[in-house]
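Colleague: please work out how this folds:
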Amino acid sequence: MAAPGKGDGGTLYLTFIPELEMPETERARDYMFLIDISSSMMGTKMEEAKNALLMCLRNLSEGDTFNMIAFESECHHFSKQGSVTFRQDTLDRATRWIRNLEPMGGTEIFQPIRLALQGKTGPKDRRVLLFTDGQVGNEREITQSVKRTIGRRRMFPFGIDTSVNEAFIHQLAENGNGKSVMIYPGEPLEEKILLQFQRIASPMVEGLKLEGAGMILKDVVPKRLPGLFHREPMTVMARFDGSLPEYIHLTGQVEGVPLTMAAPVEVAPQSTQPLLEKIWARNKLKEMEAELPTGNPRRDERMEKEMVALSKQFQVLCGRTSFVSVLERMEKATGLPVTETVPVAPPRGWDMMGRRAGTGRRFFSLSLQLQDFMSEVMEFSRETGFDGKNFKSEEAVEGGPARKDDLSLPSLLRVLARNQLADGAFHDRGETDASRQLGITAVALLAFLSPNAEIRLYQRQLQKAIRWFAQRLSDTAGDDAVALMEEVLRETEQGSSSKPDLSMIRTRLAQSRNRMETLLSRLRDEAELESRIRLAKEESDVVSVIAELALRKAM
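Modeller: Numbers count the residues shown, from 1 in each chain. Take a look at the predicted model:
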């Protein structure tokens, strides 16, 4: 959209959604996971970070390598010898290491980031995934160091909690050639993790430039255009001089190959044009505020004057034009000013008076992935309005299911997902019978692929499980679940695919209602399954039970 000015020029609001060619097979990568275990992560933040890290490990593939650093005032390495190959024994070690992490000490994030980005990049380009609330003091020093040393690597930060330092997290991602996501208390982790791994697998459009015939673009926001990923929208605003062209072109490169995208330009309705200008001004002011202080007093003073002029011109408040009145009253007896403590609201989800900060009520929030025009105008709140009165906070049970009172289908699928084995299979820890391994994996797949499950959240893990299942069908005879999955894969010709089409498999399974009902009749009673899960000490001991219960609830 465009809002022409009174003479030549005006304001532009553009959205680009790239369609990139995705590789048929993903190349092996090296992953470095950095998890903040400082005291500020105490409570639900720590559990969110640990669960997110467990889910990330289950999204790795054969041939990948990884390492982890837990940091507070000091760094704690998972493997001091460097990255290890992703396989079952290293996954088991990593799972135990993560579950034993406890919050302590201060936040020294600079050293782990330096360790993650040191040395030359190799044939496996490193992907750095950071989990933190961003409560640090030397933000500028850290972000500038990332910008200098990132090279061919990419950084994908996860900001955790309602009081996260979002500006710092976003700047890390921008300087690290990646993207950031925020995880708020109570939110499902799977969608955020899937989004980051889709970005990791996607080619990235770099070196972006805006061009328009007959016009001069100025004051583009964001000033440094971030890398573009497959089917991920990017919104750009700018002021321009000259005439308005029919199209604005965005040019860049994908792994050295030139790419051009065109966005048609339509004149916004007259009533909306002033609003477009205000949105541009607001975003411009936010960007300028994030750059301060620059370290150059003269430049800071000049920028502050520009901000005040821009704020007054477009009637949009900023940090330099917002004021608070303070009334000082003298104490009658002594004539001295009196300090009065005024209670303020704590960050949402924090229990400041509880035994541990961060263990109080939790709230769900909406994931605003697509920032369309209405989200800019309305600035929708992240919260859905859920008041949390009847919501039970997640209790960390050592080794066991995180919330044994919640045996709903989504919760059961989350537990299954974080207990998937390195090769893609689902079965109890220590299960050695090949027929049982195949059967339990088949039951888990049927539960995930049921009409009531959200397969999009577990796409990578399910594709890995189907490949494992198809490769072992000739090894052993199977039960009803195995026979059904085998028939569906054969009919849809998805068993040999490197990236099985989950929608096609799901559609075919939906046509096998009678066979599914026969299978369900042979499963254990739901009450018995629930009782066994509640009595279990560790999730990995009852994966088969969880899979059966999930399938029952799914149908």
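
Colleague: quick one: least confident helix or strand in this structure?
Modeller: helix 373-378 (a mean of 46; mean pLDDT, DSSP states H and E).

Colleague: which neighbouring elements make contact with the helix or strand that comes right after that one?
Modeller: Tracing the chain C-terminally past helix 373-378 and defining elements by DSSP states H and E, one meets helix 409-417 next. When contacts are defined as 3 or more CB pairs under 8 Å, 6 or more residues apart in numbering; DSSP states H and E, helix 409-417 sits against helix 434-448, helix 543-554. C-betas here are computed from N, CA, C, even on glycine.

Colleague: just after the longest one, pick out the following helix or strand.
Modeller: Once the chain leaves helix 434-448, the next helix or strand it forms, by DSSP H and E, is helix 459-471.

Colleague: that following helix: what's the following helix or strand?
Modeller: Proceeding N to C from helix 459-471, the next assigned helix or strand is helix 480-492, under DSSP H and E.

Colleague: generate CSV for the helices and strands packed on helix 409-417, with mean neighbour count as supplementary columns.
Modeller: Supplementary listing: these in CSV, determined by neighbours: other CB atoms under 10 Å:
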stretch, mean neighbour count
helix 434-448, 23
helix 543-554, 24
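
Colleague: so which of the ones you listed gets nearest G252?
Modeller: Closest to G252 of the helices and strands packed on helix 409-417 is helix 434-448 (CB to CB; 36.8 Å).

Colleague: report the inter-axis angle for that closest one versus helix 480-492.
Modeller: Our comparison of helix 434-448 with helix 480-492, counting by axes from the mean of the first three to the mean of the last three CA atoms, to 10 degrees, yields an angle of 70 degrees.

Colleague: roughly how far is helix 434-448 from the heart of the chain?
Modeller: A distance of 29 Å separates the C-alpha centroid of helix 434-448 from that of its chain, computed with CA atoms, centre = their mean, to the nearest Å.

Colleague: of all the helices and strands packed on helix 409-417, which one is nearest K499?
Modeller: helix 434-448 (15.6 Å).

Colleague: what packs against that closest one?
Modeller: In terms of contacts (3+ CB pairs under 8 Å, 6+ apart), helix 434-448 is packed against helix 409-417, helix 459-471, helix 480-492, helix 543-554.

Colleague: go through the helix or strand where H76 lies and flag the buried ones.
Modeller: Taking DSSP H and E as the definition, H76 sits inside strand 75-77. Along strand 75-77, the positions that meet the burial threshold by neighbour count (16 or more other CB atoms under 10 Å) are H76.

Colleague: list the strands paired with the following helix or strand past it, with their directions.
Modeller: On the C-terminal side of strand 75-77, the closest following helix or strand by DSSP H and E is strand 84-85. Strand 84-85 sits in its sheet next to strand 65-71 (antiparallel), going by DSSP bridges.

Colleague: which other residues reach the strand it pairs with?
Modeller: Contacting residues not belonging to strand 65-71 are listed as 28-38, 53, 57, 60, 75-79, 82-86, 90, 94, 97-98, 101, 107-109, 111-112, 115-116, 124 [CB atoms under 8 Å, 6 or more residues apart in numbering].
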